[in-house]
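Trainee: Build me a model:
(2 chains)
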Amino acid sequence: MSTNSISATRNRFEDWEEAQEYYLENGLTDGLPVVVPTEARVSAMLEHCGLAPGQVIGVEGIRQKRFTAEKIAINAVMAGCKPEYFPVVVAAVAACCERPFNLHASSVSTNGATILVLVSGPYAQQIGMNSKAGLMGNGNRANATIGRAVNLVKTNFYGSSPQGMDKSTFGQPGKISFCFAEDLEASSWPSIATAKGFPGGVSTVTVFAATSPIQVEVVGGRTPREVLAGPAQGLLAMGPDTPEVLVVISPELMTYIDKADWSREHVQEFLFERSRLPAGEWMAWNRLNRPWEINRPEEMISCVPSPDCFTVVPAGGDATPYADLIASWGSSRSVTKEIQIPR
Amino acid sequence: MTSNSSPIVALDPRDETNQMGAVLALRPSSLDGKTLGLVSNNRPHTDELLQMVADVLREQYTIKGVIELNKERHQWPASPEALQQLATECDVAIHATAE
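Mentor: Numbers count the residues shown, from 1 in each chain, chains lettered A, B, ... in the order given. Next up, the predicted model:
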């Protein structure tokens, strides 16, 4: 099959309604109507990025799935993406195919993790992503459709559909879409992209196998220690076998951290120290996955293995001091990729 | 709207290739003289379950040998080395999970 022409099966429908019913009845949507993926729309997506239809963007190791540009583009069209969002979707799918992300297990687990897409760098602003009030919610096309596209790729192309391969106990709203941008104006810190070693000006996506968020309201306090104590206490709800946590800090909370000149690493260290408990206490709560490996009940165990397992992101509305805590699923590690922006 | 009443040709979002090309391996007619691989995913009681299965098979067949492997973490795939060992040293393999 040529990589230069779209090879996907063409289905003919009498009208829009018939097309919608086909995709809905065949389990090819998230339960909501989709944009009908015509060849013209899919070609526009591919042409924006200069990608050949058959170009392989990533290969997932367990099921040996080869994610081609055309199939990703079809799902991106269905999600409602504009072509300028497509570079973000492509980078996110490529990141999901990296072994540490563990796409197969994370997308079939009873835990119910979804793929969260965090965008860092100037491209987020260029395509109008929301990094401020309501960033994890509704109302922003880029946030909503990029996250939706990645999750449609997972269900439609990879095959992890609810009550099929996906054995989520509860599922979560983020399985429809979970995507937002870092607010570069909310702190003096370097961007997540820079913190992860990418050159200045580069934009990145980071994918997390995300469980449901926990929002923590901070009442009172003026120093970093005071305002971060509540979020640190919230981390205990995640248990001691959490691989990573995305900690989203609202701009008001960030002002206290910035005023005290605390770095991102300082915050990570503080959260690590304050989210530790004796092994015996975790065991008493039945929160330790492998209690038989514990020799000393007094051994202190944090909710994550090391401070750098906290990804601390300034973002959100500026009216209140909140933090949002999003744990990664048990055996997945976040993966960051540069967004290849068409010139 | 005219766009809603015109015929539409739309594309399929699914994976349409059989990329693994996977087919089931031939099943032996008997386990007599065969080497059995037992693959635990390290969840609690998995080892006990596998041993029970192995004991039953030993009663029914003359098993040549048993090779035990532990995947260490149920959420991760077996290592390529472990899979290679199973492929080269075992005639059949049983993978189990328990809780």
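Trainee: Give the other helices and strands that the top helix by length along chain B contacts.
Mentor: Longest helix in chain B, counting residues (DSSP state H): helix B:46-60. Packed against helix B:46-60 by the contact rule (3 or more CB pairs under 8 Å, 6 or more residues apart in numbering or on different chains; DSSP states H and E) you find strand B:35-40, strand B:65-70, strand B:92-96. Every C-beta, even on glycine, is put in place using the N, C-alpha and C of the backbone.
Trainee: Deepest in the core, which of those strands is it.
Mentor: Neighbour counts averaged per stretch over these are highest for strand B:35-40, at a mean of 21; criterion: mean count of other CB atoms under 10 Å in any protein chain shown.
Trainee: excluding its backbone neighbours, what's nearest whichever residue of chain B sits closest to chain A?
Mentor: Proximity of chain B to chain A (CB to the nearest CB) peaks at B:Q75, 3.5 Å away. Taking CB to CB, 6 or more residues apart in numbering or on different chains as the measure, B:Q75 lies nearest to A:S331, with 3.5 Å between them; neighbours along the chain are not counted.
Trainee: which ones are touching that neighbour?
Mentor: With contact set as CB atoms under 8 Å, 6 or more residues apart in numbering or on different chains, A:S331 has these partners: A:102, A:105-106, A:243, B:73, B:75-76.
Trainee: rerun at 7 Å
Mentor: Contacts of A:S331 were listed using CB atoms under 7 Å, 6 or more residues apart in numbering or on different chains, and they are A:102, A:105, A:243, B:73, B:75-76.
Trainee: Now name the helix or strand holding the residue in the stretch 201-343 of chain A positioned nearest to chain B.
Mentor: Across the stretch 201-343 of chain A, the shortest distance to chain B (CB to the nearest CB) belongs to A:S331, at 3.5 Å. With elements delineated by DSSP states H and E, A:S331 resides in a region that no helix or strand encompasses.
Trainee: Retrieve the pLDDT associated with it.
Mentor: As summarised for this prediction, A:S331 has a pLDDT of 88.
Trainee: Tell me the spacing between it and A:Q268.
Mentor: Noted for A:S331: a distance of 21 Å to A:Q268, by CB to CB, to the nearest Å.
Trainee: try A:A113
Mentor: When distance is defined by CB to CB, A:A113 is 22 Å away from A:Q268.
Trainee: so what secondary structure elements neighbour the helix or strand hosting A:V313?
Mentor: Taking DSSP H and E as the definition, one finds A:V313 inside strand A:310-314. With contacts defined as 3 or more CB pairs under 7 Å, 6 or more residues apart in numbering or on different chains; DSSP states H and E, the packing partners of strand A:310-314 are strand A:245-249, helix A:264-274.
Trainee: angle of it against strand A:245-249?
Mentor: Regarding strand A:310-314 and strand A:245-249, their directions subtend 20 degrees when assessed with axes from the mean of the first three to the mean of the last three CA atoms, to 10 degrees.
Trainee: How about the residues of chain A by chain B?
Mentor: Contacts of chain A with chain B, taken as CB under 7 Å from any CB of the partner chain, map to A:6, A:8-16, A:19, A:28, A:36-39, A:42, A:62-66, A:71, A:74-75, A:78, A:102, A:105, A:152, A:156-157, A:159, A:330-331.
Trainee: Show me just the buried residues among those.
Mentor: Using 16 or more other CB atoms under 10 Å in any protein chain shown as the burial test, these include A:6, A:8, A:11, A:13, A:16, A:19, A:28, A:36-39, A:42, A:63, A:65-66, A:71, A:74-75, A:78, A:102, A:105, A:152, A:156-157, A:159, A:330-331 as buried.
Trainee: Out of those residues, list just those in helices.
Mentor: A:16, A:19, A:39, A:42, A:71, A:74-75, A:78, A:105, A:152.
Trainee: of those residues, closest to A:A133?
Mentor: Closest approach between those and A:A133, by CB to CB: A:L152, at 26.4 Å.
Trainee: show me what contacts that closest one?
Mentor: For A:L152, the residues meeting the contact criterion (CB under 7 Å, 6+ apart) are A:30, A:75, A:78-79, B:13.
Trainee: cool, and A:L325?
Mentor: Contact analysis of A:L325 by CB under 7 Å, 6+ apart lists A:213-214, A:216, A:231, A:234-235, A:245, A:247.
Trainee: Give the bridge partners for it, please.
Mentor: Beta-bridge pairing of A:L325, defined through DSSP bridges, involves A:I214, A:V247.
Trainee: Distance-wise, check it relative to A:T311.
Mentor: Here the criterion is CB to CB. By it, A:L325 lies 11 Å from A:T311.
Trainee: list residues touching both of these two?
Mentor: Residues touching both A:L325 and A:T311 by CB under 7 Å, 6+ apart: A:V247.
Trainee: Quick check, pLDDT for the residue nearest to A:V312 when sequence neighbours are not counted.
Mentor: Spatially, and ignoring its direct neighbours in sequence, A:V312 is nearest to A:V247 (4.7 Å; CB to CB, 6+ apart). Listed pLDDT for A:V247 reads 98.
Trainee: looking at it, A:V247 is touching A:A323, isn't it?
Mentor: Yes - contact criterion CB atoms under 7 Å: A:V247 and A:A323 qualify, at 6.2 Å.
Trainee: Which residues are in contact with each of those two?
Mentor: Common contact partners of A:V247 and A:A323 (CB under 7 Å, 6+ apart): A:P231.
Trainee: Report the residue ranges of every domain in chain A.
Mentor: A:1-209+A:331-343, A:212-327 (automatic domain parsing).
Trainee: can you list contacts of stretch A:133-146?
Mentor: Counting by CB under 7 Å, 6+ apart, the neighbours of stretch A:133-146 from elsewhere in the structure are A:79-81, A:85, A:88-89, A:117, A:127-130, A:177, A:179-181, A:315-317.
Trainee: Tell me where the stretch 1-150 of chain A has strands.
Mentor: Assigned by DSSP state E, counting those that start in this stretch, the stretch 1-150 of chain A shows strands spanning A:10-13, A:56-60, A:65-68, A:114-120.
Trainee: Cheers, nothing more for now.
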